[in-house]
Each structure stands twice: as C-alpha cells, then as structure tokens.
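Participant: Sequence first, then the predicted structure, then my questions.
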Amino acid sequence: MQMSEDEIRRSYKEAKNKKEQIGILAELNACSKAEIEKIISAKTRAKRQVEYSEQELEKMKSEAPKTKKSSSREDKLLTELKRRLGEAEKAFEESSEIIRNETARLEKAKKDYQLIRETITLIKEIEGVAE
C-alpha cells in the first residue's frame, strides 16, 4: 500500500463521491476495492463500539442514584469496565492487523500464481513453436 490506513480513511471521508473514491484508492494503493472497504469499515465499526460503550457508561452514571460520594464498589466496577473496554479495543486492533496482513499475503500469492500460469502458458507456446 502506498497510503497509510489513516490517509485512506481521511481521503474517503473528504471525498464528495464516496463510491468512486473507493475505486480510486484501490488503484492508488494497488489493492482491491474490498480491501479499501475493510480498512474504512473496520475503523468505523471500532469507533461506533467505543462511542456506544461511552454512551452506555454515561447512561449508567446518569441513572445511578445521586450520592455525595461514590462507593468503592462503584469505583471498582467503573475501573473494571474501562479496563475491559481497553482490552477489547486492543484485541480488535490486533485482529484487524492480522486480517490486513493475511489479505496482503493472499493478494501476493494470487499474483504469484498468475505469474506462474502465464509462465507455463509461455513455455507451452515456445515448445509448440520449437516442434
């Protein structure tokens, strides 16, 4: 890829024609449209999950009984919730990286396979001419 994932997302976000931009980004980065769509949607889904979790946390805070001081149990629960959210975000990022790496590896294998097929075809043509 020529562009970083953040550059791809920024370019997509700023584009007037989103659908056309996916094709342009795929060409610029020598990859498939599906790969560009994965990059764009992975960050979007993660962002929505974090926003949703933050909204849930705020909702829980607003619905909690109003007391002068929060209990240590509530503090522990909130700390645990934040810790788990951090772990989930980290796991998501790691999974995304694995998927990106595997996608790149498969694209390379596909190109290698095509090159081998073309080479075999060329060899057969040469053999046919030599006979």
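Facilitator: Looks like it arrived, so ask away. Numbers count the residues shown, from 1 in each chain.
Participant: Can you name every helix or strand that the helix or strand of the chain with the lowest mean pLDDT contacts?
Facilitator: Least confident helix or strand of the chain, by mean pLDDT, DSSP states H and E, is helix 33-63 with a mean of 76. In terms of contacts (3 or more Cβ pairs under 8 Å, 6 or more residues apart in numbering; DSSP states H and E), helix 33-63 is packed against helix 5-14, helix 18-28, helix 72-130. Heads up, the C-betas are built off the backbone N, CA and C, glycines and all.
Participant: Between helix 5-14 and the longest one, find me the angle.
Facilitator: By that I understand helix 72-130. 90 degrees (axes from the mean of the first three to the mean of the last three Cα atoms, to 10 degrees).
Participant: other SSEs contacting helix 72-130?
Facilitator: Counting contacts by 3+ Cβ pairs under 8 Å, 6+ apart, helix 72-130 packs against helix 33-63.
Participant: what comes up buried for the helix it packs on?
Facilitator: Neighbour counts using 16 or more other Cβ atoms under 10 Å place 35, 36, 38, 39, 40, 42, 43, 53 of helix 33-63 among the buried residues.
Participant: Is the first one in contact with residue 22, as I believe?
Facilitator: Looking back up the chat, that one is residue 35. No. Look at residue 35 against residue 22 with Cβ atoms under 8 Å: they stay out of range, at 9.9 Å.
Participant: For residue 17, the count of nearby residues, please.
Facilitator: 9 (other Cβ atoms under 10 Å).
Participant: my bad, residue 77
Facilitator: Residue 77: 13 neighbours (other Cβ under 10 Å).
Participant: Kindly report the same for residue 72.
Facilitator: 8.
Participant: Please consider this matter closed, and thank you.
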